[in-house]
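In: I'll drop the sequence and a predicted model, then ask my questions.
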Amino acid sequence: MPSYRAPVKDTLFVLQSVCKLDAHSNLPGFADATPDVVQAVVEEGGKFCEGVLAPINHSGDLQGCTRHADGSVTTPDGFKAAYDAFVEGGWGTLMAPSDYGGQGMPHIIGTVFQEFSASANMAFAMYPGLNEGAQAAIMAVGSPELKERFLPNMVHGRWTGTMNLTEPQCGTDLGLIRTRAEPQADGSYKISGTKIFISAGEHDLSENIIHLVLAKTPDAPDSVKGISLFLVPKFLVNADGTLGARNGVSCGSIEHKMGIHANATCVMNYDGATGYLLGEEMKGLRAMFIMMNAARLGVGVQGLAQAEVAYQNAVTYARDRLQGRALTGAKNPDAKADPLMVHPDVRRMLMDGRAFIEGARALILWGGLQVDLAHKAATPEERELADDLISLLTPVIKGYCTDKGYEIATTSQQVYGGHGYIAEWGMEQFVRDARIAQIYEGTNGIQAMDLVGRKLAMNGGRGLRAYLGLIAENVASGKADPRTEALATGLEKAAGELQAATMWLMQNGMTNPDNAGAGATAYLHLMGIVALGEMWLRMAIASHAALDAGSSDKPFFEAKLITARYFAERNFPDCGALRRKIEAGSAAMMAMPAEAF
Amino acid sequence: MKILVPVKRVVDYNVKVRVKSDGTGVDLANVKMSMNPFDEIAVEEAIRLKEKGIATEIVVVSIGVQQSQETLRTALAMGADRAILVVTDVTTESLTVAKILAKVAAEEQPGLIILGKQAIDDDANQTGQMLAALLGWPQGTFASAVVPNGDRVAVTREVDGGLETVDLKLPAVVTTDLRLNEPRYASLPNIMKAKSKPLASKTPADYGVDPTPRLTITKVVEPAKRSAGTKVKTVDELIEKLKNAGAIA
């Protein structure tokens, strides 16, 4: 059985030394996030995930969810009790505003708990995760009456939420939606249609399930411009807040999937169900994207989270398992063999994991801070900058961190040799669970297209310019200290490749859009390396500062510096190769006649 | 009834400790520290008594380095009402702690003191007993059930070969054993509230106690490595081996 320990120390380092939480104590919600409270939240949240969520991860995967003849769905043994403990502990209220019973903590602190819970039990964490996404959309566009009626119970966790986009004929292309919404005399709508792949669509964890559903009103244009967003509760809610009759929505079946078995993925049938318009008619896509952007960042966290838990177990195994002798002579002469740890190729796998994980954690938490700043920073300029940065980096966090997350889950499995392939060890579950993160909330191909097709050009390229400016600033401070000079120079070069690739795409993607599409994934990965490299430079600078200040925790900071160096040596060289792939364009890729495949 | 719960900051039970190279003790630098698990059980028991309406206030107290404040915050986040930190940098010995606690008890006048039967760092298992002696209060140690009833408390003790229930007159000292309860996880709202709960900072001098250690540690060593075992085929062979090893006559 695999184990999980929340990476509390590394998280606190990133919050304090990289994100400099103290410097933001003037922002709303940050005043309560004093270092001692943050430490307590991170530690206790970690304990909860280790002690309550992790122990039912493997068993939940084996048992999966069950749909019964009456359409009800039960989650695996222990899930209901764990969810009750989750609600009791108030963990779902972390980021929600106090108006609705939340604790109003910054997004960056919520992101920490997202990571821990997704490492401990990704399938479980999705139930509250979807609830949070649905709350965000209702908060953003819901009428005061709907907010009042639904949000307090959703924030509490007594009710949960879902998002319903996909239909059998309509995946990425939301213009193909067929679900209909007929206006009623009382201002509500009757919703009819079939939605598929609905995570947490039906389950036994909460008293009510609030579905957010994309549908088209009768006269709406047959394109994305005609989509509206509706709130459809499983049980209707009376004016006094009590639960009323069962609404016309039911779970037709649940999917049998590669991973996240303990999360119910449902086919939802809407049969004249009562729904309430969220926001304005035909503005549904915009509302859904509020939820989608938060969800994409959350999926990036899942990539990191699965890499982390897989890596932790690979480290334990590499320490314990005795096989073969070190190339440089026996390191464990009392035993018949040395631990796996001594072998350079095993080290490669572990260091690849560590360099990604710690860099990605910094990037994701720093991204969480940008979400906070985009809403709460004091001046409009600061808010705009933060919004530009997180808009630019959202597809990178989603796409790069889940591609790498899957890769690291696989290399960590590889450390186990044949045992990694055996279910009992739990490593193959991490691989299967990590896989979905590359696919849902917009496949990583879509993320790459979002980055290259929309984000680069947004506001005349203001976001990328600001980001490159930020990198140049950090490169300058890195170069000022001979100890970080090599790392800073490496990052400068990598950012140079990114800039050159951007120029090429601007010039060649205009004349032939296929060139942009052909290079998009390579470009996303190139920006991912630069983004993690920038975080590693910040972490190296912070580590030297801590050591210079006489920190008592020398081993921690020295390990950071070794990993920073490894990251630079093993990742920056890929930037040149990625740029060349981008500059190869689309010619060969598109030349093959379709029938020749 | 007010309940006093002494808690100790110790090396986390998950940490594999190493002996310092000079043999003076265990290396605690940069090691994760947590509340002594037996004390966590004590805090939980006090909270349960408060939830049942038996206790009215829970005061937690810790004696140790400044960082013991974090341990007290954990107890506050679990549900204790206020905290007292008695700051000292010297190694705390059971008798010193018992003396300070006796003074705290004299000030606070609790109806019940609940504490862990031992701390997992030094495994001394004497603070509760010394405290009861100093106060002249009855004691119920190694508790697996605590049932207050009016001015008395029934304490079920885990003793060799079974359970023993003692009926004590309050105020009394109870030390907890593992099976008393399973401590809760701190809830988020309580973690946030803990910040604003009162935490008083004191020194041993405030209680007129000199914390200078009376004991001298001569040497700390790693346990001897176990040598490989052998498998025996029959009971007779086992007895033969045990006889040869001098383990049985």
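Out: That came through, no problem.
In: which helix or strand contains the residue of the stretch 201-350 of chain A found nearest chain B?
Out: With C-beta to the nearest C-beta, the shortest gap between the stretch 201-350 of chain A and chain B falls at residue A:334, namely 9.5 Å. (Each C-beta comes from the backbone N, C-alpha and C, glycine too.) Under the criterion DSSP states H and E, no helix or strand holds residue A:334.
In: would you agree residue A:51 is in contact with residue B:183?
Out: No. Look at residue A:51 against residue B:183 with C-beta atoms under 8 Å: they stay out of range, at 10.2 Å.
In: show me where chain B has its helices.
Out: For chain B, helices defined by DSSP state H occupy the ranges B:37-51, B:68-78, B:94-108, B:127-135, B:188-194, B:235-244.
In: report the contact partners of the residue lying closest to residue A:420 once chain neighbours are set aside.
Out: Take residue A:420 and drop its neighbours on the chain: the residue closest to it by C-beta to C-beta, 6 or more residues apart in numbering or on different chains is residue A:413, 3.8 Å away. Residues near residue A:413 by C-beta atoms under 8 Å, 6 or more residues apart in numbering or on different chains: A:310, A:314, A:420-421, A:427-428, A:430-431.
In: re earlier: neighbour count winner among residue A:51 and residue B:183?
Out: residue B:183 (17 against 13; other C-beta atoms under 10 Å in any protein chain shown).
In: quick one, what contacts that one?
Out: Residue B:183 neighbours (C-beta under 8 Å, 6+ apart): B:37, B:40-41, B:43-44, B:78.
In: ok, now with 10 Å
Out: B:35, B:37, B:39-45, B:47, B:78 (C-beta atoms under 10 Å, 6 or more residues apart in numbering or on different chains).
In: one step back: what about the residue of the stretch 201-350 of chain A closest to chain B, how many residues nearby?
Out: Using other C-beta under 10 Å: residue A:334 sits among 6 other residues.
In: longest strand in the chain, please.
Out: Going with chain A. Identified as the longest strand of chain A according to DSSP state E is strand A:265-278.
In: think we crossed wires, I meant chain B
Out: Secondary structure of chain B per DSSP E: the longest strand is strand B:139-149.
In: from the contacts of residue A:413, which is closest to chain B?
Out: Distances from chain B to these, taken by C-beta to the nearest C-beta, are shortest for residue A:314, at 18.7 Å.
In: residue of chain B closest to chain A, please.
Out: Residue nearest to chain A within chain B: residue B:188 (3.7 Å; C-beta to the nearest C-beta).
In: show me the contacts for that residue.
Out: Counting by C-beta under 10 Å, 6+ apart, residue B:188 has contacts A:40-41, A:44-45, A:48, A:88-94, A:102-103, A:105, A:113, B:77.
In: with residue B:4 instead?
Out: B:42, B:46, B:57-61, B:84, B:101, B:104-105, B:107-115, B:131, B:171, B:173.
In: let's go with 8 Å and repeat that
Out: B:59-61, B:101, B:104-105, B:108, B:110, B:112-114.
In: quick check, residue A:21 in contact with residue A:15.
Out: Yes. Using C-beta under 8 Å, residue A:21 makes contact with residue A:15 at a distance of 5.1 Å.
In: before we move on, back to that, want to try a markdown table for the helices of chain B, with mean pLDDT as columns?
Out: Formatted as a markdown table, the helices of chain B follow (pLDDT from 0 to 100):
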| stretch | mean pLDDT |
| --- | --- |
| helix B:37-51 | 98 |
| helix B:68-78 | 95 |
| helix B:94-108 | 97 |
| helix B:127-135 | 98 |
| helix B:188-194 | 93 |
| helix B:235-244 | 92 |
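In: need these in TSV with distance to residue A:394, can you?
Out: Below are the helices of chain B laid out as TSV (distance: least, C-beta to C-beta, whole Å):
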stretch	distance to residue A:394
helix B:37-51	41
helix B:68-78	34
helix B:94-108	54
helix B:127-135	55
helix B:188-194	27
helix B:235-244	67
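In: who in the stretch 51-200 of chain A is up against chain B?
Out: Within the stretch 51-200 of chain A, the residues that sit near chain B (C-beta under 8 Å from any C-beta of the partner chain) are A:51-52, A:85, A:88-91, A:93-94, A:103.
In: keep only those of those residues that are in helices.
Out: Per DSSP H, those map to helices at A:85, A:88.
In: list buried residues within the residues of the stretch 51-200 of chain A next to chain B.
Out: A:52, A:85, A:89-91, A:93-94, A:103 (16 or more other C-beta atoms under 10 Å in any protein chain shown).
In: okay if I get these as CSV plus distance to residue B:159 and pLDDT?
Out: Shown next, in CSV, are these (distance: C-beta to C-beta, whole Å; pLDDT from 0 to 100):
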residue, distance to residue B:159, pLDDT
A:52, 33, 97
A:85, 33, 97
A:89, 36, 96
A:90, 40, 96
A:91, 40, 96
A:93, 45, 95
A:94, 45, 94
A:103, 45, 93
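In: element containing residue A:492, please.
Out: Per DSSP H and E: helix A:485-511 holds residue A:492.
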